[in-house]
Structures are given as structure tokens and as C-alpha cells.
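*Asks:* build me a structure from this.
(one chain, ligands or ions: 1)
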Amino acid sequence: PVLTSPLHIAVVGGGIGGLAAALATARAGHRVTLVERAARFGEIGAGLQLAPNASLALDELGVLPAVRASAVAPPRLVMMDALTGDEVTSLDLRSSAYTDRFAHPYLVTHRTDLHAALLTACQEHPAVTLRTGHTVAEADQDGSGVHLHFAEGHAPLTADAVVAADGLHSRLRQVLVGDGEPVCSRYVAFRGALPTGKMTGRMSQHAASEAVMVWTGPRMHLVQYPVRRGELYNQVAVFESDHYTPDSDDWGTEAELEERFAGACRAVRDALPLVSRDRRWPLYDRAPISTWVHGRIALLGDAAHPMLQYLAQGACQALEDAVALGQALGRSADPAEAFAAYADRRRERATLIQINARRFGEICHLEGMGATLRNMLLSSRGPEAFDDISWVWTPTPAPAPAL
Ligand code: FAD
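*Replies:* The predicted structure is shown next:
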């Protein structure tokens, strides 16, 4: 749409959420300056699952073909029992039940591939300016705009409005919402993608199947799937530490990883030495909040709704945020009005997913009788039973245009 008075919007953070927000805002007819604190744009070397709500969002942002070029469309999502090695349940992503319900594909991608597709689209858009090495330290606003101040001492940036997409530890959320530190789940992830050829023997069968494999066990699980045209295989091992201490990083160690997975089935134990140990990721979320908008500043992505990864929806929700933001800014060039419409559309759904991500984690990590009951219940469902997950994979429709 051509707006009579395009705004200048600053986006803080150049992760998946920030880049998508910048792109959506520019495509809505506004001018964007995105500031990122890192010296270079980038993402970590691991995979990301993109449910059909995310591939719909990528389509709406015009980058789905670029993402699809390197992503894999897995045929199945499979839940395995990590102790017995038995299949618990699966969903058939190539069935007509899937295609009847979801118009867009379920994809798995390397994070850097998705990030690069969004970055290229931003670089190619004439209305987007990208700046690295800019760490937002403070923001002050008045009736006419927002001034961002940078830790590096760069000149302040003035914009009509600001989108804070600065992640889990958002500085702007800290200032505006003040809800303290993120909540640590005491779980930790070790993850990374390796050349698929390194998955040998029995492990190569799972890799060749191209399915998303989720091996669930007592207070631990392993996720595996191919990325980058199948050339790389992503593995994420997650477990609860018994040694969590809030003030130190000396918990959730490699030794604990080995110990927690020692009782797993052969397939999981064979895969474990190939799980990347370069870095460990303590897993955090926050309680939902309703205050996403503060005057001319709106929160987006993990800054607004950081969630545990058990529904694989954090980035998917950030992409949905970006599309909703773009649509709201396409309808109104009044930042307060557009931000209110964006938050109204997104808050309830993101909150529900945040809450259910915690619950699904608890279900995954059950032990003893709880795990037996879970397996019994889930194994009674067929591979075309999308009823329970379809609300997660289906975004709230955009409101009808005003007449
Ligand atoms: P971030 O990626 O954190 O980006 C924030 C950006 O802001 C960064 O580039 C940072 O450098 C920058 N920044 C921070 N502070 C400042 C500042 N003061 N000034 C300027 N810049 C700043 N999601 C899925 O959808 N599917 C999955 O399969 C999935 N798997 C996951 C597995 C694990 C183990 C984990 C931990 C998460 C997973 N997620 C998944 C969640 C997903 O990774 C996040 O929700 C998503 O990356 C959030 O993107 P973001 O852009 O909001 O935040």
C-alpha cells in the first residue's frame, strides 16, 4: 500500500524476529532503520523447525522460495520412546489430511539459511537501512518520536516509533516492563548440525528417512532432523540438571549429559557422541505479559513472549508477529493505533503458545507411570490426527479490511 505519510520505524535487534519485522514494515510502505549490537549479522549453527504457520508468514514476507531452496520438507514427525527405542506416535506431513488442513509446508532449516534469506531481502529493500555495532542502551520518547541511545557512543537515532526485537534478555523490555530476569527451567540444550555422512550405521537410517525424530525420556530428550538440502543433520540433546544454581554456569555439564542419557536405548546412545559439545544453552522463558506496547515502542519476538522450545514455535511466533505488525502498519500510519492493533491481534495466541510450550515439555519429560500413560494415549492416535496441534500451526486470521 502507498501511505500518504510513511513513518520512520527503528527496529532493535537483527535476529529472525527483527529482520522479519524490518522487512514487513518496509513492505507496508515505511522507512526502517534496524540496529544490531553484534559486529556482524548472523545466527548460530543449528537447526530450526518451521511449522506451516511460519511458512505462511515467510510466504507473506516474500521469502518462502528463498527459504525453501535450502530447507527440507520432512515426511513425518516421529515421537520415539528414548528408553525402549519404540515408536510412540507420528504425524504424516505428506498425507492429504495435512494438505487439506494446511496450505503451507512444514519445513526444517539451518538457522543461518533462514537468517540469510531475511537479511538478503532486507538488504535488497530500498527502504531498509541496516546497522551493526549499535547496542541500544536507553530509549526516551515524547509525543513526536523515540530517541535511541547507544552504548558505543554513536549519535542517537530518532524515529517515529520503535520495534524492540532484542530477544530474551531485551534491554527495552527490562526498562519498559521491568519483570526481572528470565525464568530458568533448569534444563539445558547441547546442539549443532554436522555433515549427514557422519551419521553411520543404524543412525544413518533415521537420517536418510528425513523425518523429524523426537526421542522422549525421563527429564531428557533428543531431537534430530536434516537441514540444508539434507547435507547437514541437526541434533539437539536436552536434559534437566540436578545441579542448577542461579549464580553460576557450572551446571548442566557434559558429564551430566552423559549421565542423564546413560539409560537411553542404543540409537540414542549411538547418536550422543555426535551431539555438538561446543556450547551449552540453558533454557529460559518468562511469564506472559499483556503490556507489549509502551507509547511508541512495541515488543516483538522473544522480547515480547520468550517461550520454551518444546512446541518449536519461538521463531514461528516471531514471524507471525512481523506479518501482523506489517499489516497493522499498512492500515494505519499512526504508530499508537498500529501498535495497538498488532498487539491485540497477537497477544492472546502468543500467550497460549507460551503456556502450552511449558506443558508440552512436562509431557515429553514424564517418567514411570506418567510416561507409560502418555505413550498409551498418544499411540492410540493415527498419523493423520492433526486436531490437537492444528491450533498451534494455524495463525489467527487478519481482520477484514474496513469498508
Ligand atoms: P534473538 O534471536 O535473540 O535476536 C535478538 C537480536 O537482538 C540479537 O541479534 C541480539 O544480538 C540483538 N540485541 C540484543 N540486545 C540488543 C541491544 N540492546 N541493542 C541492539 N541489538 C540487540 N523456534 C522455532 O520456531 N522453531 C524451533 O525449532 C526452535 N527451536 C529452538 C531450540 C532451542 C534449543 C532454543 C533455545 C530455541 C528454539 N526456538 C525455536 C526459539 C527461537 O530460537 C527463538 O524464539 C527466536 O530465535 C527468537 O528470535 P528473536 O529475533 O526474537 O530474538
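*Asks:* point out where this structure drops to low pLDDT.
*Replies:* 1-4, 402-403 (pLDDT under 70).
*Asks:* all helices for it, in order.
*Replies:* With DSSP state H as the criterion, the chain has helices at 16-27, 52-60, 64-70, 96-101, 111-124, 171-176, 202-209, 254-261, 266-271, 314-331, 335-364, 368-379, 387-393.
*Asks:* name the helices or strands packed onto the second one?
*Replies:* Packing partners of helix 52-60 (3 or more CB pairs under 8 Å, 6 or more residues apart in numbering; DSSP states H and E): helix 64-70, helix 314-331, helix 387-393. Where C-beta positions appear, they are placed from N, C-alpha and C, glycine not excepted.
*Asks:* between those, which one is nearest to the ligand?
*Replies:* helix 314-331 (2.2 Å; CB to the nearest ligand atom).
*Asks:* just give me how far the closest one sits from the chain centre.
*Replies:* Relative to the centre of its chain, helix 314-331 is centred 13 Å away, using CA atoms, centre = their mean, to the nearest Å.
*Asks:* can you give me the angle it makes with helix 52-60?
*Replies:* Helix 314-331 runs at 40 degrees relative to helix 52-60, counting by axes from the mean of the first three to the mean of the last three CA atoms, to 10 degrees.
*Asks:* up against the ligand, what does the protein have?
*Replies:* Proximity of the chain to the ligand is confined to 12-18, 35-38, 48-49, 135-136, 165-168, 171, 189, 191, 236, 281, 283, 301-302, 309, 312-316, 318 under the rule CB under 6 Å from any ligand atom.
*Asks:* hmm, which of these are the buried ones?
*Replies:* Buried members of the residues of the chain next to the ligand, counted by 16 or more other CB atoms under 10 Å: 12-18, 35-37, 48-49, 135-136, 165-168, 171, 189, 191, 236, 281, 283, 301-302, 309, 312-316, 318.
*Asks:* what about the residue of the stretch 151-300 of the chain found nearest the ligand, distance to residue 299?
*Replies:* Of all residues in the stretch 151-300 of the chain, the one sitting closest to the ligand is residue 167 (2.6 Å; CB to the nearest ligand atom). Distance of residue 167 to residue 299, given as CB to CB, to the nearest Å: 11 Å.
*Asks:* what's the answer for residue 400, then?
*Replies:* For residue 400, the distance to residue 299 - CB to CB - is 26 Å.
*Asks:* about what we covered before: out of the helices and strands packed on helix 52-60, which one sits most buried?
*Replies:* Stretch with highest mean neighbour count among the helices and strands packed on helix 52-60: helix 314-331 (a mean of 26; mean count of other CB atoms under 10 Å).
*Asks:* out of the buried ones among the residues of the chain next to the ligand, which are inside strands?
*Replies:* Counting by DSSP state E, those place 12, 35, 48, 49, 136, 189, 191, 236, 281, 283 in strands.
*Asks:* if you skip the residues just before and after it, what's nearest to the third one?
*Replies:* Right, residue 48. Closest residue in space to residue 48, ignoring its immediate chain neighbours: residue 111 at 5.0 Å, by CB to CB, 6 or more residues apart in numbering.
*Asks:* give me the neighbour count for the one you found.
*Replies:* When counting by other CB atoms under 10 Å, one arrives at 20 neighbours for residue 111.
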